[in-house]
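*Asks:* I need the structure of the sequence given here:
(chains A and B)
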2 protein chains.
Amino acid sequence: MEKTGRSERAAPHALFWQQLLPELRHDGATLQSQLRAAIVGAILNGALRSGVRLPSSRELAAMLKVARNTVVLTLEQLVFDGYLVAKPRSGYFVAAREDAAPRFEAPAAERAGQDAPDWPSRLLDTALAGKWLHKTPDWQRYRYTFVYGQFDPKFFPVAEWRECSRLALSVGQIHGWASDAVEQDDEVLVEQLIRRVLPRRGIAAKPAQILLTVGAQQALFLLAEALIARGMAVGFEEPGYMDARNIFLRRQARIVPAELDEQGMRPDARLAECQYLYCTPSHQCPSGVTMATARRLELLQMAERHDRVIIEDDYDAETQYQGQPLPALKAIDRNDRVIYVGSMSKIISPGLRIGYIVADEQLIAALRSLRRLMIRHPSSNNQRTLALFVAQGHYDKLIVRTRQTLAERAQRLSDALVEHWPAIEFRRPGGGSVVWARLPEGIDGRGLAAAALAEDVLIENGDPFFYRDDQDGRFIRFGFSSIEIERIEPGIRILARLAKGLGGH
Amino acid sequence: MEKTGRSERAAPHALFWQQLLPELRHDGATLQSQLRAAIVGAILNGALRSGVRLPSSRELAAMLKVARNTVVLTLEQLVFDGYLVAKPRSGYFVAAREDAAPRFEAPAAERAGQDAPDWPSRLLDTALAGKWLHKTPDWQRYRYTFVYGQFDPKFFPVAEWRECSRLALSVGQIHGWASDAVEQDDEVLVEQLIRRVLPRRGIAAKPAQILLTVGAQQALFLLAEALIARGMAVGFEEPGYMDARNIFLRRQARIVPAELDEQGMRPDARLAECQYLYCTPSHQCPSGVTMATARRLELLQMAERHDRVIIEDDYDAETQYQGQPLPALKAIDRNDRVIYVGSMSKIISPGLRIGYIVADEQLIAALRSLRRLMIRHPSSNNQRTLALFVAQGHYDKLIVRTRQTLAERAQRLSDALVEHWPAIEFRRPGGGSVVWARLPEGIDGRGLAAAALAEDVLIENGDPFFYRDDQDGRFIRFGFSSIEIERIEPGIRILARLAKGLGGH
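*Replies:* Predicted coordinates:
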């Protein structure tokens, strides 16, 4: 009753607050931070003006259905930060504050537009005509997600990364990373790469031979800008990683598709004519084939004989779970004929965007200048956090854990395919997080992917990996970096049934 | 005595450990993390093999001169993580572990080299011939640092950034950022830009009109790649921001130097012939002049009349401390003739590398494709952390604080120049963190900068800001984003004395 009485008295007030305050989510950001964001937002956008009295913490707690303590802590923090003032026995008020936000007359939301530039005619042909892999942006909403390279939050080392972020934000560390550092990369991370990460691939390098990049993608882009001129021949695995191919195509390179067999890329006469060869020896993208040692030597000898350069994209190097991984191609290169591209994204998270190049010093110096022009440098705080993450042993621990998980999923997926879908052709993976498969005759990847979508299953049609248009469209790729193990078999059953319905076996 | 007895028994052991363990620094990374990194490093590089017994925590604490509790906590964490095992009453031992690091025969550190590619002949002319501002990489070692754009750790909001990093790493948030997100930027950050940051510049924008970039540098690089063809005329402030000019020069643009007066860039007949105009209206780089409203309208009308496009680099928008800032040029543009480039780096830290473009939707879509090819996307964790930083009100608070600090330094610097160096010409800044000054006759900026270095003073010679070679070299720039206020006057005294000695007044 008393409550009703108060409500009546404060009715318009309460309504105002109810509209202003968010419905707090009990996941994600903490309750305090949600409440703080709502109050600060209202102050800064003018909905809460200077001098307005806030409801009491008890009233706010009741409206928001949270503990009163949560409200009190938030309000006290806002007092400390100058957004509110507390007056004894009267409550919290919006503070008068120096305005960081001058208000300008709001511009018309709709542009006049009649005199706008003709953008399509202004845009240069940035040669994005290549094939892309369509990634379903809302992939997390599907039940059976056989997609590649997406993030499985279960892998993410939240506590360890948070700890290293905290360390990177200690005062002494901030001095080390927060400057504008175009001339040199984070020395702690470079040291960890040299001492910890590269030796595992058999690679010895000096700091001047290493450049950090915004993921492997930027590494390839920089290399193409610095080295690939119009019309230059680039040998490229067929099928191959279309994002790299598109980078070379944008430079108007002439792509020379290279045959693959069970040993990897075949060094034939046409390849010998190519100035540059792009390959993925650890686990060929997309087929997963590991290039045999004899083939590696053959390729390297061909490069030396004809003065060619090999770009080795070792994007998925750390995930070998069957037997020992081979050292990188770069490890057996004695003449800097191999440019090595690495990535830390696959193990930790694609969102962090840290990759690197290991190559000849002169080349690295030129790439560094180009990188300066392009982005100045990759985020320094992430460089330092990653360096600490490796130094503290978390990276190694994570690799072991990731391999175990991927090995289990690989086995479950392979077993399910053998049992439920005998007509599909594939090879059991020894590393990585994909199965590349050939569909039975009479059914194509595009059709199956489309039909699967309607049944809550995501698979990747293999067609965009091919440069030539003469293949029969029967390849698909199963990614298993983001699917829970219990969902693998049911997903495969659905696909096998669909394939049957579509005319395959 | 008892201690000595033990030491004798363990002598070789102790020496081994003394060599292995680092001298712990009592700054920067915490003691625990340093100790952990040393032990993990030794385990992973093989110096500590499986089964080796560690010294007791008491012995380790004595060797390292740290509290025993620090050692115990570190060792217990390493047990938890599987690097060590604890055996009751016998101590800690290196665990047997699944090897994440296969060992390969170490490759020869020195390359054979005789068959190495001829890299200089392979490198394309990446047109880096433009003038650069030389930044002294070890600038922090100098006493009087009149440099620009470097980081003042006192500005960095350690506690707030750490809090937002922590929030961004909550499980619910990680889902939102850790995926490979090439198609769209962090929606929370885009929303904060639209609701909080851009209105302060008078700009209304929709999400499809915004692209996040790796700092303003990448924004300009993307624009040049998408829009500037060989030989195209680009109007450019003279003097102007050389990093932007170098980006256009790399595209083989024809730079048309634009005269400046006290109103800003002058729209003359030569400018009207330029397809694109690059300018910095808020605080012209390097002179600090704010473009007058009449001049802005004139420039915009010229662009509309001749179908030209203006690139507005609003790199330093939030630092106006004298009077109200003018809205952006973009704010009075009704036809999407202005491409707006913004940066969050100047306020928070250049190391984070977050900038953005606001422009026509079609242009943004094309730039997004190009960005995908170039880097995929900027670091997602930094996008989300920054979004929370703005949403929690820390960004606004920081702006107010930064302005106050800069205003104080600007005044101190201006006063010192007037008092100690009356012969130098300059304008008191109303915003930003530089004073652009013209030296008295008979002395040039390069000579003064070199002489100053020897006296522990860093200043920036103004020459690289000029495109034309016909100026007399008498400009210098005083940056004050990184110098402590008490050091300003003594630094200026030294410079004034040096200038006198060099033949100026």
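
*Asks:* Pull out the CA atoms of the helix or strand hosting A:Ala226 and give them to me as PDB.
*Replies:* If you go by DSSP states H and E, A:Ala226 is part of helix A:215-227. C-alpha atoms of helix A:215-227 as PDB (Å, rounded to 0.1, in the frame of the first residue of the first chain):
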ATOM      1  CA  GLY A 215      46.800 -10.900 -39.700                       C
ATOM      2  CA  ALA A 216      48.100 -13.000 -42.600                       C
ATOM      3  CA  GLN A 217      45.700 -11.200 -44.900                       C
ATOM      4  CA  GLN A 218      47.700  -8.000 -44.600                       C
ATOM      5  CA  ALA A 219      51.000  -9.900 -45.000                       C
ATOM      6  CA  LEU A 220      49.800 -11.200 -48.400                       C
ATOM      7  CA  PHE A 221      48.500  -7.800 -49.400                       C
ATOM      8  CA  LEU A 222      51.800  -6.100 -48.600                       C
ATOM      9  CA  LEU A 223      53.700  -8.700 -50.500                       C
ATOM     10  CA  ALA A 224      51.500  -8.300 -53.500                       C
ATOM     11  CA  GLU A 225      51.900  -4.500 -53.500                       C
ATOM     12  CA  ALA A 226      55.600  -4.700 -53.100                       C
ATOM     13  CA  LEU A 227      56.400  -7.500 -55.500                       C
END
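
*Asks:* On the C-terminal side of it, identify the next helix or strand.
*Replies:* Going down the chain from helix A:215-227, the next helix or strand is strand A:233-237, by DSSP H and E.

*Asks:* all helices for the stretch 201-350 of chain A, in order.
*Replies:* A:215-227, A:242-250, A:269-272, A:293-306 (DSSP state H, counting those that start in this stretch).

*Asks:* Mind giving me the packing neighbours of the last one?
*Replies:* In terms of contacts (3 or more C-beta pairs under 8 Å, 6 or more residues apart in numbering or on different chains; DSSP states H and E), helix A:293-306 is packed against strand A:264-265, helix A:269-272, strand A:276-279, strand A:309-313. Backbone N, C-alpha and C define where each C-beta goes, glycine included.

*Asks:* Pull out the buried positions in that helix.
*Replies:* For helix A:293-306, the neighbour count (16 or more other C-beta atoms under 10 Å in any protein chain shown) marks A:Arg295, A:Arg296, A:Glu298, A:Leu299, A:Leu300, A:Met302, A:Ala303, A:Glu304 as buried.

*Asks:* Rebuild those as a markdown table, extending it with distance to B:Met374 and pLDDT.
*Replies:* Listed next are these as a markdown table, based on distance: C-beta to C-beta, whole Å; pLDDT from 0 to 100:
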| residue | distance to B:Met374 | pLDDT |
| --- | --- | --- |
| A:Arg295 | 32 | 95 |
| A:Arg296 | 30 | 95 |
| A:Glu298 | 33 | 95 |
| A:Leu299 | 28 | 95 |
| A:Leu300 | 30 | 94 |
| A:Met302 | 31 | 94 |
| A:Ala303 | 27 | 94 |
| A:Glu304 | 32 | 93 |
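
*Asks:* any idea where the strands of the stretch 1-150 of chain A begin and end?
*Replies:* When secondary structure is read from DSSP state E, counting those that start in this stretch, the stretch 1-150 of chain A shows strands at A:84-87, A:91-94, A:144-145.

*Asks:* Which of those strands sits closest to B:Ile203?
*Replies:* strand A:91-94 (26.0 Å; C-beta to C-beta).

*Asks:* is the closest one up against chain B anywhere?
*Replies:* No - against chain B, strand A:91-94 shows no contacts by C-beta under 8 Å from any C-beta of the partner chain, the least distance being 12.2 Å.

*Asks:* what is the mean pLDDT for that strand?
*Replies:* Averaged across strand A:91-94, pLDDT comes to 91.

*Asks:* Now do that strand: everything it contacts.
*Replies:* A:43, A:48-54, A:56-57, A:75, A:78-79, A:83-87 (C-beta atoms under 8 Å, 6 or more residues apart in numbering or on different chains).

*Asks:* of those, list those near chain B.
*Replies:* Counting by C-beta under 8 Å from any C-beta, A:Ile43, A:Leu78, A:Tyr83 from the contacts of strand A:91-94 sit close to chain B.

*Asks:* A:Val434 against A:Gly479, yeah?
*Replies:* Yes - judged on C-beta atoms under 8 Å, A:Val434 makes contact with A:Gly479 at a distance of 5.1 Å.

*Asks:* Mutual contacts of these two, please.
*Replies:* Overlap of the contact sets of A:Val434 and A:Gly479 (by C-beta under 8 Å, 6+ apart) consists of A:Tyr148.

*Asks:* Pick out whichever of these two has more residues nearby.
*Replies:* Between A:Val434 and A:Gly479, A:Val434 has the larger neighbour count (other C-beta atoms under 10 Å in any protein chain shown), namely 25 against 21.

*Asks:* what pLDDT does the more buried one get?
*Replies:* The model reports A:Val434 with a pLDDT of 94.

*Asks:* So which residues on the stretch 401-505 of chain A come close to chain B?
*Replies:* So the stretch 401-505 of chain A never meets chain B (C-beta under 8 Å from any C-beta).

*Asks:* List of residues touching the helix or strand hosting A:Phe478?
*Replies:* Using DSSP H and E, A:Phe478 sits in strand A:475-479. Under the contact criterion C-beta under 8 Å, 6+ apart, strand A:475-479 has outside partners A:145-150, A:239, A:286, A:413, A:433-439, A:445, A:448-449, A:459-463, A:465-466.

*Asks:* Using ChimeraX, make a named selection holding only the buried ones among those.
*Replies:* Buried members of those, defined by 16+ other C-beta under 10 Å, are picked up in ChimeraX with:
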select /A:145,146,147,148,149,150,239,286,413,433,434,435,436,437,439,445,448,449,459,460,461,462,463,465,466
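
*Asks:* who's in contact with A:Pro490?
*Replies:* When contacts are counted by C-beta under 8 Å, 6+ apart, A:Pro490 touches A:Tyr144.

*Asks:* tell me the SS of it?
*Replies:* Assigned with DSSP: H, G, I helix; E, B strand; the rest coil, A:Pro490 falls in the helix class.

*Asks:* likewise the one 10 residues further on?
*Replies:* Here A:Lys500 takes the helix state, with states given by three-state DSSP.

*Asks:* In terms of pLDDT, where does it sit?
*Replies:* A:Lys500 is assigned 91 on the pLDDT scale.

*Asks:* Taking strand A:475-479 as reference, get the angle to the lengthiest helix in chain A.
*Replies:* Counting residues, the longest helix found in chain A (DSSP state H) is helix A:394-420. Per axes from the mean of the first three to the mean of the last three C-alpha atoms, to 10 degrees, the angle that helix A:394-420 makes with strand A:475-479 is 130 degrees.

*Asks:* could you give the mean pLDDT of helix A:394-420?
*Replies:* Taken as a whole, helix A:394-420 has a mean pLDDT of 93.
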